[in-house]
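Peer 1: return a 3D structure for these sequence lines:
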Amino acid sequence: RSSSPPCPRRGAAMAANGFGDAARALSSFESAGRPADNLLPGGGLYTGGAASDVRWHTSRAELKARLQRECNVLRQVWCSLVIYLTMMLYGAAVLFRNIAFYRYRGLDWYADKVMPTQVSVALTAPGNFIVNASSGVSVPLSSALREGFYGGGSNITIATPGLRSNLSALHGELFNLKDFSQDYFVDYSGSEFVQGLNEAVAAVSIALTVAIFLIPLLVSFRGQARPHVVSMLHRWQRTLFTVSILRVPTYLATSIPGAAEHCQSVHWTSPSGGHGEWEVNQRHAETVKDMFFDTYNFFNNSNCGDLVYSGHIATALTSTLIATHYARRMLGTRWAWGVCILFWLIFSLQVFCVLTTRNHYTVDVVVACYTAPLNYIANVYFFPKDVGPKEEEHGELERDSAC
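Peer 2: Model (predicted):
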């Protein structure tokens, strides 16, 4: 019997269908919730987002009905939200970070591994001296030894146990891998202001995302969707959860010497007189108990072993994609454009701060910039619809744009 080989055209068609399904799911998600009956009371078609088309839902009856629907959604997803938050706040931030520090080694550790333990020099070679430690007087090595003690080809071997790499020779320069941003971007690694700005931008990105989610609780625009706050929060947390989980095997697979000042050795000295601390951090991740319960590395210099890819960039980009999607669904055109521009400016500032403070290498940012969107698209493909209230409990689902 002979079996025919698989048809290349059929395989290509299947691959095309797969990409087509993902594209259709993303398109469906982007257009989900847009009402078909967006007519004005007089019969004309709604086309804009003028102030007169904004409705405030602040009456007690409206708020009560809305909160009942939100509670209905929360009852469906509370367990998954707890899992997502626990994994991100404890698993990714404490447990796996401690494991990363347990495996971490600074670049000086690799240099010390190849440091010679003894040195052999020719007695008659020029430039070899013996220095009197008390007086500082130096004499040629050959004349310091008794005549006849050596022949013309004799050597002397000096043992150097415990010899370490001379980090002082760097004169405060970071002992890092060759990197594009460190070669061509301004260095703010010693700036407390930019370091603080980096964390502040991350916090603002999260806070603004939550603020966008709260808009439909009180306001709606005619012709636009009015998704539930808990539904948006659930999608956001699920997307952040998956992008955080993808980081763990990535940075644990290969430990890369850190780019930040605190990832240098304690023997390294910065121009301002500071020292690295990776050996200190590692002492808090030596036992299984430390890995599960020690929070020192969470609060002190916490981004040495978990470099690829950047959690700050992945979180900021995921928040930007989710917030701008819902802004286009909920708000009028001008408001939606304003939100999109604001979030992308914040994201750009986050990238600038991460790279100029030397908290990450450029590769950490680049990988995050394509992993986060792909993760977002995958979540849209597998979960195209937001969770909503159950019809049997509330009769009919709330229509979008019920102004």
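
Peer 1: which stretches of this protein form strands?
Peer 2: Here the chain has its strands, by DSSP state E, at 54-56, 118-122, 129-131, 138-140, 155-159, 219-221.

Peer 1: between these, which gets the lowest average pLDDT?
Peer 2: Lowest mean pLDDT within the strands of the chain: strand 155-159, a mean of 63.

Peer 1: which ones are touching the nearest residue to residue 171 once chain neighbours are set aside?
Peer 2: Take residue 171 and drop its neighbours on the chain: the residue closest to it by CB to CB, 6 or more residues apart in numbering is residue 271, 7.8 Å away. Where you see a C-beta, it was placed from the backbone N, CA and C, and this is true even at glycine. By CB atoms under 8 Å, 6 or more residues apart in numbering, the contact list for residue 271 reads 171-172, 190.

Peer 1: which among the residues you listed gets closest to residue 61?
Peer 2: Using CB to CB, residue 190 comes nearest to residue 61 of those, at 57.6 Å.

Peer 1: need the contact list for the closest one.
Peer 2: Neighbouring residues of residue 190 by CB under 8 Å, 6+ apart: 261, 270-272.

Peer 1: quick check: closest non-adjacent residue to the residue nearest the centre of the chain.
Peer 2: By CA atoms, centre = their mean, the chain has its centre lying nearest to residue 311, at 1.2 Å. Excluding its sequence neighbours, the residue lying closest to residue 311 (CB to CB, 6+ apart) is residue 247, at 6.2 Å.

Peer 1: wait, what's in contact with the one you found?
Peer 2: Residue 247 sits in contact with 92, 306, 308-309, 311, 314, where contact means CB under 8 Å, 6+ apart.

Peer 1: identify the farthest-apart pair in the residues you listed.
Peer 2: Going by CB to CB, the pair spanning those furthest: 92 and 308, at 14.1 Å.

Peer 1: how close does residue 223 sit to residue 59?
Peer 2: 22 Å (CB to CB, to the nearest Å).

Peer 1: can you list the weak-confidence ranges in this structure?
Peer 2: Within the chain, the stretches with pLDDT under 70 are 1-52, 116-119, 121-128, 130, 132-134, 136, 139, 141-163, 301-302, 391-403.

Peer 1: mind redoing it with 80?
Peer 2: 1-53, 112-172, 272, 300-303, 390-403 (pLDDT under 80).

Peer 1: in stretch 80-87, what counts as buried?
Peer 2: For stretch 80-87, the neighbour count (16 or more other CB atoms under 10 Å) marks 81, 84, 87 as buried.

Peer 1: hang on, isn't the second one packed against residue 242?
Peer 2: So that's residue 84. No: applying CB atoms under 8 Å as the test, residue 84 and residue 242 come out as separate, 9.1 Å apart.

Peer 1: look up the closest residue to residue 373, ignoring the ones flanking it.
Peer 2: Leaving aside its chain neighbours, residue 373 sits nearest to residue 321 (6.6 Å; criterion: CB to CB, 6+ apart).

Peer 1: that neighbour: neighbouring residues, count only.
Peer 2: Residues near residue 321, counting by other CB atoms under 10 Å, number 20.

Peer 1: in this structure it contacts residue 377, no?
Peer 2: No: using CB under 8 Å, residue 321 is not in contact with residue 377; the gap is 9.1 Å.

Peer 1: give the buried subset of the contacts of residue 190 as a ChimeraX selection command.
Peer 2: Typed into ChimeraX, the line below selects the buried ones among the contacts of residue 190, using 16+ other CB under 10 Å:
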select :261,270
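
Peer 1: biggest separation within the contacts of residue 190, which pair?
Peer 2: Largest separation among the contacts of residue 190 by CB to CB: 261 and 271, giving 10.2 Å.

Peer 1: can you tell me the closest non-neighbouring residue to residue 221?
Peer 2: Distance criterion CB to CB, 6+ apart; nearest residue to residue 221, sequence neighbours excluded, is residue 332 at 5.0 Å.

Peer 1: residue 264 - nearest residue in space that isn't next to it in sequence?
Peer 2: residue 276 (2.8 Å).

Peer 1: quick one, phi psi at the residue nearest to residue 296 when sequence neighbours are not counted?
Peer 2: Spatial nearest neighbour of residue 296, chain neighbours left out: residue 284 (4.1 Å); criterion: CB to CB, 6+ apart. The phi/psi pair for residue 284 (degrees, to the nearest 10) reads phi -100, psi 10.

Peer 1: tell me where the stretch 301-403 of the chain has helices.
Peer 2: 311-330, 333-356, 362-382, 391-394 (DSSP state H, counting those that start in this stretch).

Peer 1: can you list these in TSV and add distance to residue 208?
Peer 2: Shown next, in TSV, are the helices of the stretch 301-403 of the chain (distance: least, CB to CB, whole Å):
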stretch	distance to residue 208
helix 311-330	7
helix 333-356	7
helix 362-382	17
helix 391-394	30
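
Peer 1: out of the ones you listed, which is closest to residue 253?
Peer 2: Among these, helix 362-382 sits nearest to residue 253 (CB to CB), with 12.6 Å.

Peer 1: what number of residues lie near the nearest residue to residue 250 once chain neighbours are set aside?
Peer 2: Among residues not flanking residue 250 along the chain, residue 308 sits closest, at 5.4 Å (CB to CB, 6+ apart). Neighbours of residue 308 under the rule other CB under 10 Å: 21.

Peer 1: how about residue 343?
Peer 2: For residue 343, using other CB under 10 Å, the count is 23.

Peer 1: ok, the residue nearest to it when sequence neighbours are not counted - contacts?
Peer 2: Using CB to CB, 6+ apart and skipping the chain neighbours, the partner closest in space to residue 343 is residue 320 (4.4 Å). Residues near residue 320 by CB under 8 Å, 6+ apart: 205, 343-344, 346-347.

Peer 1: do residue 361 as well
Peer 2: 176-177, 179, 181-182, 256, 259, 307.

Peer 1: same deal with residue 87?
Peer 2: Applying CB under 8 Å, 6+ apart, the residues contacting residue 87 are 241, 244-245.
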